Every structure is written in structure tokens, then in C-alpha cells.
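Peer 1: quick one: sequence plus predicted model below, questions after.
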Amino acid sequence: MSKLKITDVRVICTQPERVRLIVVKVLTSEPGLYGVGCATFTQRADAVVTAIEKYLRPFVIGRDPDDIEDIFQAAYVSSYWRSGPVLNNALSGIDQALWDIKGKRANMPVYQLLGGKCRQFVPVYTHASGRDFAEVEENVRKYQEQGFRYIRCQVAVPGMSTYGSRPSGAGNSQVWEGSPYCRIVPKLFEHLRTRLGEEVELLHDIHERIPPIQAIALAKELEQYHLFFLEDPFSPEDIEYFRILRQQTAIPIAMGELFVNQSEYVPLVKDRLIDFMRVHISDIGGLSMARKLAAFCEFFGVRTAWHGPGDVSPVGHAANLALDLACPNFGIQELAQFSDAVKAVFPGCPEVRDGALWPIERPGLGVDVDEKEAAKFPFQESPLNGGWPEIRRLDGTVVRP
Ligand code: GCO
Ligand code: MG
């Protein structure tokens, strides 16, 4: 019998909802045996497609799909200049698909290949936002009724483009000032704790939009509201500030969705400067990199909280879930709610029940992509071709996301 080989790589682009999704399908010489992987980088989707079709596809055809680590290592350095979100996402598409294939060959879910379950289910957090405190509270209560115990809360700053909530009131939707936001957020959590009590776990994402020293002051003010975590207080360019923040407050810190390179995340873990590692798995190169990162974090008491917004495909969410089940240092999982259109494109899409994800007991990642359904939702035209919108201060200065 001839050896198993990779025979083709297909890139599937689809936009069943607001965001562009990219999924890779790796085909093999065994009829019917293929794997799927997430390569979603919604803001630069076409660049990822090119990286896969023009470079990785010819690079992997003819190789043995069982050699996941070897293929990863070889592909990673084949560009000489490496890393970065485009190349890492392209690589992740291949890498996750190879794990899917291995699981199918072993007739086991991927979490079994990673060591097996160390928990029965995976608690997730969902997003409650609102134009004002009352609306945020109402949304939190709605999610609590559905069984969620971890809820991220974001409130609009009147007249400004606030991350995580629709604009409230009049004003230029592209304008942002940090000071009004810093005044409003502690009041939001005061409101929520007074009305909802201490039991519910609350989270918040600063989204790197304020100067570092303002983020430190905000973190100190928020400590009294016992957040499960405070996310992205600094931009990746400002990570040295974690040393200063750490000496001043014990608020739990989550960081990492923008990281693409181990030289960014290793120092934060080894010096115990964060509590939750939040990388976007496809942005660091896929499951092979993420499982090593999770193990490294375990040795330093850092828990995982893999990035799980709408711009991770259900295939990527299944990869998150496999690690969530198998890693002892799991912290929490972020989860976007999947619409019916998304579920139709991705049969086997992870399901949320009682505020948690449950093991997918099918071989491999357990999620497929229906190419016919996917084709019904081609990428939509948009002025920035999916790019992140510009946010500016009143005087016109560009603000980080
Ligand atoms: C989060 C994130 C996302 C990002 C988005 C960028 O914590 O969920 O900050 O909402 O903004 O993934 O495309
Ligand atoms: Mg975030």
C-alpha cells in the first residue's frame, strides 16, 4: 500500500455573517479523508488566501499528513522572514487541518490526542453591552437566565465610538476620547455589583484604547469590583507597562489576542505579569503552537482564555475547545454566538448549553465545512475590504484599536 500523501489544499472563503471567514481544507490520497483548519484573519483575508494558495499549497502537496510537527517547522521557516498574522494564519489553516486528519485516522476527537479531558465541560463567557448602565444590566440578566455565569460588560460612551457597544446619542461615530471612558467604566461596575451582587463573574475589555498610565489608574479603580479579568489594558507595543501595573494592583489581567510571536508572550508569562493568556490561536500559527504555549503557561500559573470572537470560524472554535478540555490550566473560553447561517455552513459547529461548551465526541475536530453552503456567502464588498475602521481623537489623532 502506498504511503498517505497530501494531494491538495483548498481555501474556502465565506461570510455568512458580518465577518469574513477563511477555512482551509487539506485533502489526502485516501479517498474521503481530509481535514479542515481555521485561517481567519478577517481584516486582511485576501492576503492570507494568497499566502496559502501561492506558497503553502505547493509546499505541502506530496508530504505525509501525519508529520504535523515537521510540516509546521519546515513551513514556518520557508519564508525566511517569518511570523506575523498573515503567514501565521495561513500556517494555522494547514496545521489545524492536519490535527483534524490525525484525529480522523485515530478515530478519536483531537482532545484525546492532546492527553484527554481534564474537565467535563468548558465554561464560556459571553458579551453584554448597552447604550447605558440599565441596558447592560438587562443584557447581563438575560444571559444569566440562559445559564451564563461569566459575562463581559461594555457600555457606550455617549457620542463616541466605543469598543464593544453600539454608539449612543449624537456624535461622530469615529471619534474617541479616553478620559470620559475612564470616568464611566468604574460607575458601570458600581451599578452592576450593587444590583447583581458578587456571584456573577464580570469581565471587561479595555481594547488598548487609552494611554498606559490611564489604564493603570482604571485597573486600580476597578479592583474593588472583583472582575474575573480585565483585558488588554495596554497595546502590544506597551507591554513593559505590565511590570508597573503589577506592583500596584491585584486585578486579574488577560492579554494576548494581538500577539503573533513568542518573543511577545514568553516574557509576560515567565515574569508572571499576566493571569490569562488570550492569544488568537490561528494568529500564532495554529494548534501546534498553542498547545506548547498552554503547557508553558501551566508552569507559571497562567491560565488560558483563548480569543473566541466572531472572527474565529467554528473550526477555530473547535480547536480552542480541544485545548480547553485537555489543558489543566484552562481559565475561561470566550464564545461568539453562532447564527443559523453560520451553523449551516459549518455542520457540527460547537453548541453552547448552560453557559458552557461540551466535548465534541466525533473524530478529529468534529466540525466540517459545507462548501456549497459556504459558496452562498461570498465576501461582501466593503470600502476597506474588511479592514479595521479608523478611530481618531477629537483633534484627529489616530487611536490604537
Ligand atoms: C475580543 C476582541 C475582539 C476583536 C476582534 C478584532 O476580546 O473579543 O477584542 O472583539 O476586537 O476579534 O477583529
Ligand atoms: Mg479583546
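Peer 2: On my side now, so go ahead. Values in this document were obtained by computation on a predicted structure and should not be read as measured data. Ligands and ions are numbered 1, 2, ... in the order given.
Peer 1: grab the longest helix from this structure for me.
Peer 2: Secondary structure assigned by DSSP state H gives helix 85-106 as the longest helix of the chain.
Peer 1: and that helix, how far from the chain's centre?
Peer 2: 16 Å (Cα atoms, centre = their mean, to the nearest Å).
Peer 1: tell me where the stretch 251-400 of the chain has strands.
Peer 2: 253-255, 276-277, 303-304, 333-334, 352-353, 356-357 (DSSP state E, counting those that start in this stretch).
Peer 1: flag every residue of this protein that's near ligand 1.
Peer 2: Residues of the chain found near ligand 1 (Cβ under 6 Å from any ligand atom) are T42, D205, H207, E257, P309, D311, E334. (Each C-beta comes from the backbone N, C-alpha and C, glycine too.)
Peer 1: now render those residues as TSV, adding pLDDT and neighbour count.
Peer 2: Shown next, in TSV, are those (pLDDT from 0 to 100; neighbours: other Cβ atoms under 10 Å):
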residue	pLDDT	neighbour count
T42	97	22
D205	98	21
H207	97	18
E257	98	22
P309	96	14
D311	96	23
E334	98	24
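Peer 1: ok, of those, which one's closest to Y76?
Peer 2: E257 (20.8 Å; Cβ to Cβ).
Peer 1: my guess is the closest one contacts R278. True?
Peer 2: Yes: with contact defined as Cβ atoms under 8 Å, E257 and R278 form a contacting pair (5.2 Å).
Peer 1: joint contacts of those two?
Peer 2: D232, H307 (Cβ atoms under 8 Å, 6 or more residues apart in numbering).
Peer 1: on that earlier part again, which of the strands of the stretch 251-400 of the chain sits most buried?
Peer 2: Of these, the one with the most neighbours on average (mean count of other Cβ atoms under 10 Å) is strand 253-255, at a mean of 27.
Peer 1: now do that one: which elements does it pack against?
Peer 2: strand 229-231, helix 241-246, strand 276-277 (3 or more Cβ pairs under 8 Å, 6 or more residues apart in numbering; DSSP states H and E).
Peer 1: can you put the ones you listed in JSON lines and add distance to E190?
Peer 2: Listed next are the helices and strands packed on strand 253-255 as JSON lines, based on distance: least, Cβ to Cβ, whole Å:
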{"stretch": "strand 229-231", "distance to E190": "15"}
{"stretch": "helix 241-246", "distance to E190": "21"}
{"stretch": "strand 276-277", "distance to E190": "24"}
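Peer 1: export the ones you listed to a markdown table and tack on mean pLDDT?
Peer 2: Listed next are the helices and strands packed on strand 253-255 as a markdown table, based on pLDDT from 0 to 100:
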| stretch | mean pLDDT |
| --- | --- |
| strand 229-231 | 98 |
| helix 241-246 | 98 |
| strand 276-277 | 98 |
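Peer 1: any idea how far D271 is from V19?
Peer 2: 34 Å (Cβ to Cβ, to the nearest Å).
Peer 1: ignore the last one, T397
Peer 2: T397 is 27 Å from V19, by Cβ to Cβ.
Peer 1: what about the two, which has more around it?
Peer 2: A direct count of neighbours by other Cβ atoms under 10 Å for T397 and V19 places V19 higher, at 19 against 9.
Peer 1: wait, that one touches D311, no?
Peer 2: Yes: counting by Cβ under 8 Å, V19 does reach D311; the two are 4.5 Å apart.
Peer 1: any common contacting residues for these two?
Peer 2: T40, T42.
Peer 1: list the buried residues in stretch 353-368.
Peer 2: G355, A356, L357, P359, I360, R362, P363, G364, L365, G366, V367, D368 (16 or more other Cβ atoms under 10 Å).
Peer 1: need those residues in JSON lines (columns: pLDDT).
Peer 2: What follows is those, written out as JSON lines (pLDDT from 0 to 100):
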{"residue": "G355", "pLDDT": "97"}
{"residue": "A356", "pLDDT": "98"}
{"residue": "L357", "pLDDT": "97"}
{"residue": "P359", "pLDDT": "96"}
{"residue": "I360", "pLDDT": "95"}
{"residue": "R362", "pLDDT": "98"}
{"residue": "P363", "pLDDT": "98"}
{"residue": "G364", "pLDDT": "98"}
{"residue": "L365", "pLDDT": "98"}
{"residue": "G366", "pLDDT": "98"}
{"residue": "V367", "pLDDT": "98"}
{"residue": "D368", "pLDDT": "98"}
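Peer 1: perfect, that will be all.
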